Every structure is written in structure tokens, then in C-alpha cells.
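S.K.: Quick one: sequence plus predicted model below, questions after.
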Amino acid sequence: MKPPRHPALVAADVPARTGSNYPPEFAIRVAGRRKQPLGDAFGLTNLGVNRTTLPPGCQSALRHRHHVQDEFVYVLSGQLFLVSDEGETLLHAGMCAGFPHGGSAHHLVNRSDTDAVYLEIGDRFPGDGADYPDDDLKAEQSEKGWRFTRKNGEPF
């Protein structure tokens, strides 16, 4: 992807991605999620930055932990529940959370009646994967993108 012609842009104007590459039985949980790939808009290859909007009733991802990638989230507006190995924490605008690779499994859930918007930031080191402790799912990253299988390795 080519970097923009200008060194800055309005984040809300970056075209959003919707949908998910999760297998269909899991993708329904993130239906409605909109990710605006801000890092991609600048041609960043070592760092991913998304402005993500979760409508009411939506979750950010299945609860997961990365093998290689560190993650950081910063809430811009609305309220979200952070669900992690440590329990649930209500996040609101101005709050942030970080997740070292191999640490606590986590995801965000919007239980409010309005959209919530946050930044998600993560490195893009090669060889990442993810565990999903609540679901029969595991993920491996390759040059072709994410590949999902059941925990026993069986493909979907």
C-alpha cells in the first residue's frame, strides 16, 4: 500500500473494514465491528494501528492471547467491558489497557446502548499465533494472512 500524499489525515475519514476472517460460526460475534486501518493508510509495516468502532452488543474479537504480538488499546469514546483472565473491568473514554504476548486472554465487549470507539495498536512481528481459551479455535499467522483451525489442528 502506498503512503498518503500528505503526512496527516482525519482518522474518521479512513475507509473502514467490516466483517471478519474468523470461521463463520465465530464471525457472528464481531458482526458490526468497523476497523479503520490507520497504520496502513501511512504504509506502516512494523506497527498496526486501527480506529475501531463497536456498536452495542458487539465484541472486539473472541477472547484471545497472542504468541508474539503485544497489544495496546485506548478508549476514545463510549464504554467497553474488558474481559480478561483477571475478570471484567469497565473502560471509558481516556482509559487504556495493554496486553503483553503470552499474557492474559482478553477482548472488549460493548454492553451499552451507544457506539464505542477505541484505538488498537500492535506490533507486526512475524510468526504470531493466538490461543482462544473459550472456543475450539487456534490461529497461526503466515505471509498469506491468518489461518484458523480447531484446537486439534483440524481445518474448518
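M.R.: Great, that's in hand.
S.K.: Helices along this structure, start to end?
M.R.: According to DSSP state H, the chain carries its helices in the segments 24-27, 38-41.
S.K.: Show residues contacting the first one.
M.R.: Counting contacts by Cβ atoms under 8 Å, 6 or more residues apart in numbering, the residues outside helix 24-27 that touch it are 19, 20, 21, 62, 135, 137. Quick note: C-beta positions are derived from backbone N, CA and C, even for glycine.
S.K.: at 10 Å instead, please
M.R.: 19, 20, 21, 33, 61, 62, 132, 135, 136, 137, 148, 156 (Cβ atoms under 10 Å, 6 or more residues apart in numbering).
S.K.: Now do the contacts for the fifth one.
M.R.: For residue 61, the contact set (Cβ under 10 Å, 6+ apart) comprises 20, 22, 26, 29-30, 33, 52, 71, 106-108, 120, 130, 132.
S.K.: ok, how many other residues are close to the residue lying closest to residue 55 once chain neighbours are set aside?
M.R.: Of all residues not flanking residue 55 in the chain, residue 32 sits nearest, at 4.5 Å (Cβ to Cβ, 6 or more residues apart in numbering). Residue 32: 17 surrounding residues under other Cβ atoms under 10 Å.
S.K.: Residue 32: what's it in contact with?
M.R.: 18, 19, 53, 54, 55, 56, 57, 58, 59, 110, 115.
S.K.: next one: phi and psi at the last one?
M.R.: Dihedral angles phi and psi of residue 115 (degrees, to the nearest 10) take the values phi -60, psi 150.
S.K.: Surely it touches residue 34?
M.R.: Yes. Counting by Cβ atoms under 10 Å, residue 115 sits close enough to residue 34 to count as a contact (9.1 Å).
S.K.: Spit out the residues that contact those two alike.
M.R.: Residues touching both residue 115 and residue 34 by Cβ under 10 Å, 6+ apart: 53, 54, 55, 58.
S.K.: Show the contacting residues for the closest residue to residue 51 other than its chain neighbours.
M.R.: Nearest residue to residue 51, sequence neighbours excluded (Cβ to Cβ, 6+ apart): residue 36, at 4.3 Å. In this structure, residue 36 makes contact with 11-17, 49-53, 117, 119, judged by Cβ under 10 Å, 6+ apart.
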